[in-house]
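Chemist: okay, structure incoming, though there's no sequence with it:
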């Protein structure tokens, strides 16, 4: 089995008396897209800052690409980081910013190629201060993927992007993964994590509450069948939610079949009928309840 790209074991982070991250352990495997999610204050930012080498752990062990993340000489040239907010000098152009990051990280690439990937070729000579918010996010992404690093951190990568730019970014991420890059994602757009992540870690109050594939996480909660209240004795147990009946089930297909058969046999119209599997946002709400 391949050695994990990221290994975190028993990580603790404290700020004075505040215990931000509590005995956290997880790993990220080569080539996967791992999403670390949590509400504001859950501890994910502090965790990632430690994994990226920007913060020292209070206790515990963190290994990145087989090294301590604080060993910048060993890991920095192999990592790309897209922060939630960029720190580019407003007086540098987009092209100069990309070249500067390349020199600082000691990664090699063609700046023109990278700017073309993110659709900023025509803005290469434009100062950062004159770029739009969406263009700055695309520049952030360009500097993170410069040199096609082995490990890439994407912190809220699609915030401020229009639909076309979002699609283009994810197409680029797909190509990076095809070339062997490992991706760590944080996002408040849960549908992106549900669609893209191989595995997901859900943090709350400094603790990793749940971890697994989308299927593994959603199977921990029941699916729902909802319909307008009807007369008669139903074949399934229901709860009332205002004017509607709700069936909670861990066997959606079977129970929906039973319900529809009963309605057909009794000539009952199930108005406002909806049914669907549990979604990631349902799991997210459950751990924060």
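Modeler: Received the coordinates, thanks. What you are looking at is a predicted structure, and each value in this text was computed from that prediction instead of being measured.
Chemist: only C-alpha atoms for contact and neighbour calcs from this point on.
Modeler: Will do.
Chemist: after the strand or helix carrying residue 103 comes which helix or strand?
Modeler: If you go by DSSP states H and E, residue 103 is part of helix 94-105. The C-terminal neighbour of helix 94-105 among helices and strands, as given by DSSP H and E, is helix 111-117.
Chemist: buried sites along that following helix?
Modeler: When burial is assessed from 16 or more other CA atoms under 10 Å, helix 111-117 yields the following buried residues: 111, 114-115, 117.
Chemist: also stretch 214-225?
Modeler: For stretch 214-225, by 16+ other CA under 10 Å, it's 214, 217-218, 221-225.
Chemist: my guess is residue 65 contacts residue 27. True?
Modeler: No: the pair residue 65 and residue 27 does not pass the contact test of CA atoms under 8 Å, sitting 11.4 Å apart.
Chemist: name the residues contacting each of these two.
Modeler: Shared contacts of residue 65 and residue 27, defined by CA atoms under 8 Å, 6 or more residues apart in numbering, are found at 4-6.
Chemist: including secondary structure, could the residues you listed go into CSV?
Modeler: As requested, the shared contacts of residue 65 and residue 27 are exported to CSV (DSSP: H, G, I helix; E, B strand; the rest coil):
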residue, secondary structure
4, coil
5, coil
6, strand
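Chemist: tell me which stretches of this structure form helices.
Modeler: Ranges of helices within the chain are 44-51, 72-75, 94-105, 111-117, 133-145, 163-178, 190-196, 214-218, 252-266, 280-287, based on DSSP state H.
Chemist: for the closest residue to residue 58 other than its chain neighbours, give me its contacts.
Modeler: In this structure, residue 58 finds its nearest non-sequential neighbour in residue 13, 4.9 Å apart by CA to CA, 6 or more residues apart in numbering. When contacts are counted by CA under 8 Å, 6+ apart, residue 13 touches 19-22, 46, 57-59.
Chemist: what's the most distant pair in these?
Modeler: Farthest pair in these (CA to CA) is 46 and 59. Separation: 13.3 Å.
Chemist: looking at those two, which is more packed in?
Modeler: Between residue 46 and residue 59, counted using other CA atoms under 10 Å, the more crowded position is residue 46 (21 against 14).
Chemist: need the per-residue pLDDT for that one.
Modeler: For residue 46, the pLDDT comes out at 93.
Chemist: returning to what we had before: redo the buried residues of helix 111-117 as a markdown table? Include distance to residue 243.
Modeler: Rendered in a markdown table, the data for those read as follows (distance: CA to CA, whole Å):
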| residue | distance to residue 243 |
| --- | --- |
| 111 | 60 |
| 114 | 55 |
| 115 | 54 |
| 117 | 51 |
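Chemist: mind pulling up the pLDDT for residue 103?
Modeler: Note on residue 103: pLDDT of 87.
Chemist: with residue 1 instead?
Modeler: For residue 1, the pLDDT comes out at 53.
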